[in-house]
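**Student:** attaching a predicted model along with its sequence, questions to come.
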Amino acid sequence: MSEDLNKDQIDYDKSQLNKEYPAGSFLVTEKEVAMYCNSIGELSEICHDKSKALEAGYRDIVAPPTFCALFVRGFDRPDINLNFGKSGFHAGEAIDVLEPICVGDTLDASIQLSDVYIKTGRSGQMVFIVWEHIFRNQNGNIAAKVRESHVRRE
């Protein structure tokens, strides 16, 4: 086993940290929202019925809070040239919805490396790589953030 590292000793391209990259633009359609709702079992009327959404004060049918996670898998991430570990895996994600996402919205997405840190577990040292995906709506407001963690281990 290699010697224990601290955060400052992790070998990667630190110039990538907090640098924002465009990831694409997405139109939120009724068909996509309906398909997503059906796939996750979402039954809320505001996610299926425009009149109910309008009655509740929304602009149109509302996408469920986890809707933006659909797009994250398709994003290309910059290579941070991490020099650690032989295997890796997805370690989880967290979603913050800051504004309702509705049918007809256009989401401009970006991605940035927000953190790289090390932890020691039962199997040894692990490096966590945290990417933040930011979704801005047509008004320029941040509608959602998806933080995705990946792990590399020795």
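**Tutor:** Great, that's in hand.
**Student:** quick one: buried residues of the helix or strand of the chain with the lowest mean pLDDT?
**Tutor:** Lowest by mean pLDDT, DSSP states H and E among the helices and strands of the chain is helix 69-72, with a mean of 86. Neighbour counts over helix 69-72 (16 or more other CB atoms under 10 Å) mark 69, 71-72 as buried. All C-beta spots, glycine's among them, are computed from the backbone N, C-alpha and C.
**Student:** and stretch 50-64, what's buried?
**Tutor:** Result for stretch 50-64 [16+ other CB under 10 Å]: buried residues 50, 53, 58, 60-64.
**Student:** circling back: just give me the closest of the buried residues of helix 69-72 to Ile118.
**Tutor:** For the buried residues of helix 69-72, the residue nearest Ile118 by CB to CB is Val72; the value is 23.8 Å.
**Student:** doesn't Ile134 make contact with the closest one?
**Tutor:** No. Counting by CB atoms under 8 Å, Val72 does not reach Ile134; the two are 11.0 Å apart.
**Student:** summarise which helices and strands the longest strand anywhere in the chain is packed against.
**Tutor:** When the chain is parsed with DSSP state E, its longest strand is strand 106-121. On a contact count with 3 or more CB pairs under 8 Å, 6 or more residues apart in numbering; DSSP states H and E, strand 106-121 meets strand 20-27, strand 124-136, strand 142-153.
**Student:** could you dump these into CSV with distance to Lys7 and mean neighbour count added?
**Tutor:** Formatted as CSV, the helices and strands packed on strand 106-121 follow (distance: least, CB to CB, whole Å; neighbours: other CB atoms under 10 Å):
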stretch, distance to Lys7, mean neighbour count
strand 20-27, 22, 13
strand 124-136, 9, 20
strand 142-153, 14, 19
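**Student:** and Lys52, helix, strand or coil?
**Tutor:** Assigned by DSSP: H, G, I helix; E, B strand; the rest coil, the conformation of Lys52 is helix.
**Student:** next, give phi and psi for the nearest residue to it once chain neighbours are set aside.
**Tutor:** For Lys52, ignoring the flanking residues on the chain, the nearest one in space by CB to CB, 6 or more residues apart in numbering is Glu45 at 4.0 Å. Glu45 adopts backbone torsions of phi -60, psi -30, taken as degrees, to the nearest 10.
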